[in-house]
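Trainee: Just the structure for this:
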Amino acid sequence: MKQSIKYLQYPPTRDVLFVFGAGTSHPDGLPLQRDVLPMILNDTEITSSEIGKIVIQFIKDNFVYDVESNEYPHLESLFLFLDYFIRQNESLSKAYSNATIHEIKEYLIKLIHYTVNKNTNKKSVVYHNFWDAVEKYNRNISVITLNYDTLLEQAFEHLYERIGYIDYSFHLMNYENSKELEFFNFWVNPQQPIVTSHNPVPFKIIKLHGSLNWKYCNCCNQTLLTPWDRAIDLNKGQLTWYSKKNDANFEYICPQDGTSFETLILTPSFTQNLNRQVFTQLMSEAGREIRAAKKIVFIGYSLSNADVHVRALLKKHLQTDTKVVVINPRITNSLKLKYQSIASHAEFINSTFEDFVTNDKLLKEIF
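Mentor: Have a look, this model is predicted:
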């Protein structure tokens, strides 16, 4: 087929906006939030690592938990405790100076990154089925996801170029053509003209809480996308990549200024830091998608009390005539009240994500 230059554009309205919570990745083995801390405290690789020892000792010194009865503190409580001393610019004790508190918080974020990443090195049949439904029923959709993992994007591979391109909705260092970034500029920017023989469309995937494959430079304030590299050295606390040629891991550093890259994920806390430019832009993009949507479908999302920013987005931008559907395997009265507080006309469907993506009748109705 003859190739030509094409400009990908979004329709003024979106037929369906999907909002994904932890319940969409859980079928593939990704931990729910309540399971992350127990996994950290009982993972032998973490408990024997340098940053694991530091974080676990801090938890033991300041919290009490019972392994036998599976009683652990909530992640929100742990981050709130750390954030208190950070905001007050105070030390906890001689052993835990303010600088040490900052360090422990960063280590904890990296342990969460490591724990979630352990189950992402595989193909997701469930997300694959979702993308098949998009191709079959309706391509005018977008996704807001609260998940860090990359299973959704990895499952898109069979549709790449032929059907469309992923648009993360903010500028990536990968889009720049400088010599320092030539190794990374393979990622196609769907907001620029594209040379193709197909008729692709762009798909917005707005990851409001960040992603395991985003590397953030705190010097130039830019983000590098590393689609297949999500590893962390638990002894040094560094984001790393593996070289087959050298059979060794190397630290990810910014190609432009040599600064060590940081993780770019929001912690499950009531004091989430949304001030970074990336998250500010993602919030704005999410607001636009909410306003543009004819229908919003929430799947596997409990509308957590810690996600105040999500509730604020919905209260500000949700239109009165937008249809709202909630798909969840546990439709409790508490869940209904949460959603009805933002959309009194919300409809509820009792189903898991994996059942939904194989139910043709329901898929036709939703799409």
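
Trainee: where does the chain dip in pLDDT?
Mentor: 1, 241-250, 269-274 (pLDDT under 70).

Trainee: now the strands for the stretch 101-250 of the chain?
Mentor: 141-145, 164-167, 194-196, 201-207, 210-216, 223-225, 231-233, 238-243, 248-251 (DSSP state E, counting those that start in this stretch).

Trainee: How many neighbouring residues does the residue nearest to residue 338 when sequence neighbours are not counted have?
Mentor: The spatially closest residue to residue 338, leaving aside those adjacent along the chain, is residue 303, at 4.5 Å (C-beta to C-beta, 6 or more residues apart in numbering). For every residue, glycine as well, the C-beta is placed using N, CA and C. For residue 303, the neighbour count with other C-beta atoms under 10 Å is 21.

Trainee: For residue 303, what are phi and psi?
Mentor: phi 50, psi 60 (degrees, to the nearest 10).

Trainee: that older thread, for residue 175, find the nearest of the strands of the stretch 101-250 of the chain.
Mentor: Closest approach to residue 175 among the strands of the stretch 101-250 of the chain is made by strand 223-225 (9.3 Å; C-beta to C-beta).

Trainee: Tell me how far that closest one lies from the chain's centre.
Mentor: 14 Å (C-alpha atoms, centre = their mean, to the nearest Å).

Trainee: Determine the set of other helices and strands touching it.
Mentor: Applying 3 or more C-beta pairs under 8 Å, 6 or more residues apart in numbering; DSSP states H and E, we find strand 223-225 packed against strand 210-216.

Trainee: quick one: the closest residue in space to residue 124 that isn't next to it in sequence from residue 23, how far?
Mentor: By the measure of C-beta to C-beta, 6+ apart, the closest residue to residue 124 outside its immediate chain neighbours is residue 151, 4.1 Å from it. According to C-beta to C-beta, to the nearest Å, residue 151 and residue 23 sit 13 Å apart.

Trainee: Spit out the contact partners of the residue lying closest to residue 260 once chain neighbours are set aside.
Mentor: In space, and not counting its chain neighbours, residue 260 is closest to residue 253: 5.5 Å by C-beta to C-beta, 6+ apart. Applying C-beta atoms under 8 Å, 6 or more residues apart in numbering to residue 253 gives the contacts 259-261.

Trainee: same thing with residue 234?
Mentor: Per C-beta under 8 Å, 6+ apart, neighbours of residue 234: 45-46, 49-52, 110-111, 114.

Trainee: the helices in the stretch 151-300 of the chain, which residues?
Mentor: With DSSP state H, counting those that start in this stretch as the criterion, the stretch 151-300 of the chain has helices at 151-154, 277-292.

Trainee: got the contact list for the last one?
Mentor: Taking C-beta under 8 Å, 6+ apart as the criterion, the residues outside helix 277-292 that touch it are 12-14, 17, 142, 144, 169-170, 204, 206-208, 210, 214, 216, 221, 223, 264, 266, 273-274, 296, 309, 313-314, 316-319, 322.

Trainee: Okay, angle between it and strand 201-207 too, please.
Mentor: Put simply, helix 277-292 runs at 120 degrees to strand 201-207, going by axes from the mean of the first three to the mean of the last three C-alpha atoms, to 10 degrees.

Trainee: Now do helix 277-292 and strand 141-145, the angle between them.
Mentor: Going by the same axes, to 10 degrees, helix 277-292 makes 130 degrees with strand 141-145.

Trainee: what angle do helix 277-292 and strand 210-216 make?
Mentor: Using the same axes, to 10 degrees: helix 277-292 against strand 210-216 is 140 degrees.

Trainee: List the ones among the contacts of residue 234 that fall in helices.
Mentor: Here DSSP state H is the test, and the contacts of residue 234 give 45-46, 50-52, 110-111, 114 as lying in helices.

Trainee: Grab the nearest non-local neighbour of residue 262.
Mentor: In space, and not counting its chain neighbours, residue 262 is closest to residue 216: 4.8 Å by C-beta to C-beta, 6+ apart.

Trainee: List only buried entries from the ones in helices among the contacts of residue 234.
Mentor: With burial judged by 16 or more other C-beta atoms under 10 Å, the buried subset of the ones in helices among the contacts of residue 234 is 46, 51-52, 110-111, 114.

Trainee: could I get those as TSV with distance to residue 181?
Mentor: Output for those, formatted as TSV (distance: C-beta to C-beta, whole Å):
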residue	distance to residue 181
46	33
51	29
52	33
110	25
111	29
114	26
